[in-house]
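Visitor: Here's my sequence, what's the structure:
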Amino acid sequence: MRAEGAAAPPLWRVRLKLPAVAAQRLLDAPVELALSVTVEEPQDTEHAADRVVELLLADPPDQRFAEALAALGLVAAVPDSAPVPPTDWLAEVARQARPVRAGRFVIHGSHARAAAEQAPVAIEIDAGLAFGSGEHETTRGCLLAIDRLPAVLAARPRILDVGCGSGVLAIAAAKRWPTARLLAVDNDPVAVAVAAANFALNGVATRCRAALSDGLRASVVRRAAPFDVILANILADPLVAMAAPIARSLKVGGHVILAGLLVRQAAAVLAAYTAHGLRLAERDEFGEWSILVLTTVRRARRSR
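Guide: Numbers count the residues shown, from 1 in each chain. This is a model prediction of the structure:
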């Protein structure tokens, strides 16, 4: 855990000039490639076919970065790169970010409160060191899935957000179901702290708790189970690994929203969960990303 007041390691800004099609390919790339990807629109028509792509990396661009570009069919030319203090990056992202609408939810930064005043459900999330500001397709897909779940789940439904990041999905669920009690867990202590702060900022801290947990292993998760809804916007491999504990922790008739997986990975993830008594209720695709909504059809079998 980073000590309070300690300087965070510098991030790296990488700029590439690419054709529009290649820029879109990079924008839709898996999140492992970069912390964020921004495409600048051309200011004149003379170079309208070109785009300037800016990526923020946790480490200096190296051979692995060049190979990742090559895997996307992009020429691994030497990019324009330079270190950027995290505070500068946060301010820049916050300044550029626009409110994101997903169903009844509008995710906005503190700079755009006025723009979100008329939103049915406004959620304030400033760009930070934890994933989940509403801009990524996986987050938006999860918000839409939450919006479509039944308005009434139980008298006091219990909801779990695994890999909560900024806490945006837990906040959305808390606002969707005003009587719900929520547990948001992450294996990153920074994310846990950020989520807790965002719960307070959005007025749901009395019903939302953030805790440190590697998946569902922490005792706080076991004590709170079973859950009416489980949210997991992570990655395909850990989603497969968590299939059994997630199924065991879900109430009969409960719902699971899975995200962070590519379309080509959806079949393997779905198979892992159907093997534990869940069935597919809904599937959405956003570009290369797939969102799965599952529900229980029988009690999950216990793994020996």
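
Visitor: And the nearest residue to Asp186 once chain neighbours are set aside, how close does it get to Arg176?
Guide: Sequence neighbours aside, Cys164 is the residue nearest to Asp186 in space, at 4.9 Å (criterion: CB to CB, 6 or more residues apart in numbering). C-beta: built from backbone N, CA, C; applies to glycine. From Cys164 over to Arg176 the distance is 16 Å, taken as CB to CB, to the nearest Å.

Visitor: the more surrounded of those two?
Guide: Neighbour count, other CB atoms under 10 Å: between Cys164 and Arg176, Cys164 has more, with 34 against 22.

Visitor: Which residues lie in contact with the more buried one in this structure?
Guide: Cys164 makes contact with 132, 170, 184-186, 191-192, 195, 210, according to CB atoms under 8 Å, 6 or more residues apart in numbering.

Visitor: Can you show me the helices along this structure?
Guide: Ranges of helices in the chain, per DSSP state H, are 20-27, 63-71, 86-96, 137-148, 168-176, 189-201, 219-224, 236-241, 243-248, 266-274.

Visitor: now for the fourth one, which elements pack on it?
Guide: In this case it means helix 137-148. Helix 137-148 sits against strand 100-102, strand 105-108, helix 168-176, strand 227-233, strand 250-262, strand 278-286, strand 289-296, with contacts defined as 3 or more CB pairs under 8 Å, 6 or more residues apart in numbering; DSSP states H and E.

Visitor: So for Ala218, which of those sits nearest?
Guide: Among the helices and strands packed on helix 137-148, the nearest to Ala218 by CB to CB is strand 227-233 (14.0 Å).

Visitor: rewinding a little: can I get the helices and strands packed on helix 137-148 in TSV including mean pLDDT and distance to Ile146?
Guide: Shown next, in TSV, are the helices and strands packed on helix 137-148 (pLDDT from 0 to 100; distance: least, CB to CB, whole Å):
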stretch	mean pLDDT	distance to Ile146
strand 100-102	79	9
strand 105-108	84	8
helix 168-176	95	5
strand 227-233	97	8
strand 250-262	95	7
strand 278-286	95	12
strand 289-296	95	10
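
Visitor: sorry, back to before: any idea of the pLDDT on the residue nearest to Asp186?
Guide: We have a pLDDT of 93 for Cys164.

Visitor: Give the buried residues for stretch 221-229.
Guide: 221, 224-225, 227-229 (16 or more other CB atoms under 10 Å).

Visitor: can you give me the end-to-end distance of that stretch?
Guide: 13 Å (CA to CA, to the nearest Å).

Visitor: now it, how far from the chain's geometric center?
Guide: 21 Å (CA atoms, centre = their mean, to the nearest Å).

Visitor: List the contacts of that stretch.
Guide: With contacts defined as CB under 8 Å, 6+ apart, stretch 221-229 is touched by 149, 153-154, 157-160, 173, 180-181, 183, 185, 211, 213, 216, 248-251, 254-257.

Visitor: how does it look with 7 Å?
Guide: Stretch 221-229 is contacted from outside by 149, 153-154, 157-160, 173, 183, 185, 213, 249-251, 254-255, using CB atoms under 7 Å, 6 or more residues apart in numbering.
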